[in-house]
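Trainee: Quick one, structure for this:
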Amino acid sequence: MNGDKTSSKQHVGDRTEFFGSQVGGESVISYSYTDLPWKLVAYDIKYFFAFAWALPWIVWPVRPCDGGHFDELSFTADNIWCMAIHAILFILQLLFLISLPLALLLPVYLFIAALGVFFLVNWLLCRCLNGKTIMYESDPKYAPALAEHQHEQWVFLNGVAVGEAWLKSNINRLALTFKRPVLGIHNRTTGIIFDVIECLIQRNFSYATSDVRLAYKILKEKLYNPQYSKVVFILHSQGGVEGGLVLDWLLQELPQDLLAKLEVYTFGNAANHFNNPHRHIQSQQEEQKYPNTRTQVPEVITDIPISDSPVQMRTPSLRTQLSNGSDLPPENTDHPQPLTAVTNGVRTPPRRTHIIPANDRAIGHVEHYAHTTDFVAIWGLLHFVVNKRASPEMPRFIGRVFSRVSSRGGHQFNQHYLNGMFPMARDEDGEFTGCADHNDFMNSAVEIAKRGTEKKDAREGFENSWAMTGLAGDPDSPIPLGVEVHGTFYGSFHGSLRGRSIDSDQDLFDGTVKVKHLSRLWQYRNGRSPPDVPQGLVRGVTV
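Mentor: Sure thing, here's the model as predicted:
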């Protein structure tokens, strides 16, 4: 069986909606993570029951298990053991919550003793799932460390109900898919019900548990390490809540050039917010004014220090340096005028580049992947992204969103998300060799989602979402500057891009915009890399 061939037939009804990243702005939102915690808890409880119809899709569908032993619900010894322990924990915790009001009628000493016995049993059962450490490395047999990836660090933070065995499967599956070693930070499980309660506390009270603090420490160390010019942070489920807290701290502390190293990709994100502000107010204003066109903002660079990165950096094509003063904006424009740099007492003219407003973010790239039947994604990411009230009342959830409608749309990381979006290829012996170069999800035509986007400046336009934004900075780009795209992307650029190679695998563009044309994470499969570098690192380039 060769996984490199496209499936002959897509599942009936499968489609993908694309939400451009929210732009952000000066408005203060009444329904957001900055509100009163108890009010947020009340909202969460309300919507928990409103979306309860999707609860079965946390584990459904249980078949197929295309990922073999990597899949959480496949019949392996480790998986059966994990599922049995979780079933016991679920029953015990449910009985505990039901009987808790009655237990208050007991004498104090009996009540305390009963609590002690219950939590001791719960802790012992959880020890059967959790390992002795919080940090894990992927198995080198799936992705040995290669010289071309020495400047990268990949980190994964898991979600609800994941023990040691499932975390190892997650990071090994990621390593095999992207051909890079992956560091796993274990968000330890205390049972499904208690994990959900912990999730409520974390996202509504902004409470950082030990694994959140460890993730923050690791990310900060990696970003400060001059060896790394790129840190890729992958989050799943509750990991999106914890990762969002980590990003909030990093945004408060780290310099902009270090934050630009970071890329974040989430699956089934349970968070209620995701921050990634523009680096300049002018970029935000330009994107609000012209969300559906590709605009460029001049930026002044007055100092370019030598880079400590072990790899040679180059100025990405989306930032085109202006060669003469005639390209500078006239005095009576909204663009800031250049300042003169003074170095060692010598006045030197500044250099200018063009930047795309949507790319001028503190964190290099943020993408979210979700299934429309995944309860956790509906309760988290999708609820806040598609909120019908739209901007300025729309909660801040920054990042480009791929929302998939699929009969296989469950919540499990390996079995549902990676198998559906990044399926694996097999060799002639049936062994997994890496990520298949074609699949239904990546080859599906993208639809522009309209829910919650009624206000035009609420989101970035399609042009600013194009994954190959190097084309956008090229004066010879085949993408029309003034194009606006609505509805399904069939034939949107028919003729203007036909026959032009835009994908790293040299697929020819046929006028239909597909998921693979917008997904940056897809460009990392099988050890490949996107053609550009994190935006902020252009300031560390030796020219």
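Trainee: Might one say that V62 is in contact with L73?
Mentor: Yes - counting by C-beta atoms under 8 Å, V62 touches L73, with 5.0 Å between them. All C-beta spots, glycine's among them, are computed from the backbone N, C-alpha and C.
Trainee: quick one, which of the two is more surrounded?
Mentor: L73 (20 against 13; other C-beta atoms under 10 Å).
Trainee: Could you pull out the strands in the stretch 51-200 of the chain for me?
Mentor: Under the criterion DSSP state E, counting those that start in this stretch, the stretch 51-200 of the chain contains strands at 135-137, 152-157, 182-185.
Trainee: Of all these, which one is nearest F402?
Mentor: Closest to F402 of the strands of the stretch 51-200 of the chain, according to C-beta to C-beta: strand 152-157, at 18.7 Å.
Trainee: all helices of the stretch 351-500 of the chain, in order?
Mentor: Secondary structure of the stretch 351-500 of the chain by DSSP state H, counting those that start in this stretch: the helices cover 375-377, 383-385, 419-421.
Trainee: List of residues touching the first one?
Mentor: So that's helix 375-377. Helix 375-377 is contacted by residues 51-52, 54-55, 57-58, 159-160, 237-238, 268-270, 370-371, 411 when judged by C-beta atoms under 8 Å, 6 or more residues apart in numbering.
Trainee: can you give me the helices for the stretch 151-300 of the chain?
Mentor: 164-178, 192-205, 210-224, 238-253, 256-259, 281-289.
Trainee: which residues touch the second one?
Mentor: In this case it means helix 192-205. The set of residues that contact helix 192-205 without belonging to it, under C-beta under 8 Å, 6+ apart, is 33, 37, 40-41, 44, 86, 89-90, 93-94, 97, 122, 160-161, 189-190, 207-209, 212, 238, 241-242, 244-245, 270-272.
Trainee: Buried members of the residues you listed into ChimeraX, please.
Mentor: Paste this into ChimeraX to select the buried members of the contacts of helix 192-205, with burial taken from 16 or more other C-beta atoms under 10 Å:
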select :33,40,44,86,89,93,122,160,161,189,190,208,212,238,241,242,244,245,270,271,272
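Trainee: and the residue lying closest to V366 once chain neighbours are set aside, how far is that from T177?
Mentor: Nearest-residue entry for V366: G399, 3.4 Å, with adjacent residues in sequence omitted and distances by C-beta to C-beta, 6 or more residues apart in numbering. Using C-beta to C-beta, to the nearest Å, we find G399 at a distance of 20 Å from T177.
Trainee: which non-adjacent residue is nearest H186?
Mentor: For H186, the closest residue by C-beta to C-beta, 6+ apart turns out to be I134, at 4.7 Å.
Trainee: Quick one: neighbours of that neighbour, just the number.
Mentor: Quick note: I134 (other C-beta under 10 Å) scores 17 neighbours.
Trainee: wait, isn't R15 in contact with E447?
Mentor: Yes - with contact defined as C-beta under 8 Å, R15 reaches E447; the gap is 6.3 Å.
Trainee: thinking again about what came up before, looking at the helices of the stretch 151-300 of the chain, which has the lowest confidence?
Mentor: Mean pLDDT per stretch puts helix 281-289 lowest among the helices of the stretch 151-300 of the chain, at a mean of 63.
Trainee: contacting residues around N225?
Mentor: Q153 are the contacts of N225 under C-beta under 8 Å, 6+ apart.
Trainee: can you redo the helices of the stretch 351-500 of the chain as TSV with distance to D78, mean neighbour count and mean pLDDT?
Mentor: Shown next, in TSV, are the helices of the stretch 351-500 of the chain (distance: least, C-beta to C-beta, whole Å; neighbours: other C-beta atoms under 10 Å; pLDDT from 0 to 100):
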stretch	distance to D78	mean neighbour count	mean pLDDT
helix 375-377	23	27	94
helix 383-385	33	23	84
helix 419-421	18	23	94
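Trainee: would a markdown table of these with distance to A436 be doable?
Mentor: Putting the helices of the stretch 351-500 of the chain into a markdown table (distance: least, C-beta to C-beta, whole Å) gives the following:
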| stretch | distance to A436 |
| --- | --- |
| helix 375-377 | 23 |
| helix 383-385 | 28 |
| helix 419-421 | 10 |
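Trainee: how much space between the residue nearest to H186 and N158?
Mentor: 11 Å.
Trainee: Which neighbours do the two have in common?
Mentor: Common neighbours of I134 and N158, counting by C-beta under 8 Å, 6+ apart, are 185-186.
Trainee: that older thread, which of the contacts of helix 375-377 count as buried?
Mentor: Applying 16+ other C-beta under 10 Å to these flags 51, 54, 57-58, 159-160, 237-238, 268-270, 370-371, 411 as buried.
Trainee: so which of these would you say is closest to L167?
Mentor: Distance to L167, by C-beta to C-beta, is smallest for G159 among those, at 10.0 Å.
Trainee: remind me, longest helix of this protein?
Mentor: The longest helix of the chain (DSSP state H) is helix 77-103.
Trainee: ok, back up a step: which one of the strands of the stretch 51-200 of the chain lies nearest to A362?
Mentor: Comparing those by C-beta to C-beta, strand 152-157 comes nearest, at 18.0 Å.
Trainee: Helix 238-253 and that closest one, what's the angle between them?
Mentor: In terms of direction (axes from the mean of the first three to the mean of the last three C-alpha atoms, to 10 degrees), strand 152-157 departs from helix 238-253 by 130 degrees.
Trainee: Strand 152-157 pairs with which strands?
Mentor: Sheet partners assigned to strand 152-157 using DSSP bridges are listed as strand 182-185 (parallel), strand 230-236 (parallel).
Trainee: for the record, mean pLDDT for it?
Mentor: 97.
Trainee: Any stretches of the chain with poor pLDDT?
Mentor: Applying pLDDT under 70 to the chain flags the ranges 1-13, 20-34, 282-359, 387-395, 448-511, 532-543.
Trainee: And the strands in the stretch 351-500 of the chain?
Mentor: In the stretch 351-500 of the chain, strands defined by DSSP E, counting those that start in this stretch lie at 351-355, 365-371, 400-405, 424-426, 432-435, 446-448, listed in chain order.
Trainee: wouldn't L176 be in contact with A425 here?
Mentor: No - L176 is beyond contact range of A425, at 10.1 Å (criterion: C-beta under 8 Å).
Trainee: anything in contact with each of the two?
Mentor: Common contacts of L176 and A425, defined by C-beta under 8 Å, 6+ apart, comprise 432, 434-435.
Trainee: Name the member of these with the most neighbours.
Mentor: C435 (25 neighbours).
Trainee: Next up, phi/psi of the closest residue to E164 other than its chain neighbours, please.
Mentor: Closest residue to E164 apart from its sequence neighbours, by C-beta to C-beta, 6+ apart: G131 at 3.6 Å. Dihedral pair for G131: phi -80, psi -170, per degrees, to the nearest 10.
Trainee: A145 now?
Mentor: Main-chain dihedrals, A145, degrees, to the nearest 10: phi -70, psi 130.
Trainee: who's in contact with it?
Mentor: By C-beta under 8 Å, 6+ apart, the contact set of A145 is P181.
Trainee: Looking at the contacts of helix 375-377, which one is closest to Q252?
Mentor: N269 (20.9 Å).
Trainee: Nearest to F19, out of the helices of the stretch 351-500 of the chain?
Mentor: Taking C-beta to C-beta, helix 383-385 is the member of these nearest to F19, at 5.5 Å.
Trainee: Help me confirm that C435 comes into contact with F422.
Mentor: Yes - between C435 and F422 there is a contact at 5.3 Å, judged by C-beta under 8 Å.
Trainee: shared neighbours, those two?
Mentor: The overlap between the contact sets of C435 and F422 (C-beta under 8 Å, 6+ apart) consists of 177, 525.
Trainee: Any buried residues in stretch 197-206, and which?
Mentor: Residues 198-200, 202-204, 206 are the ones in stretch 197-206 that count as buried (16+ other C-beta under 10 Å).
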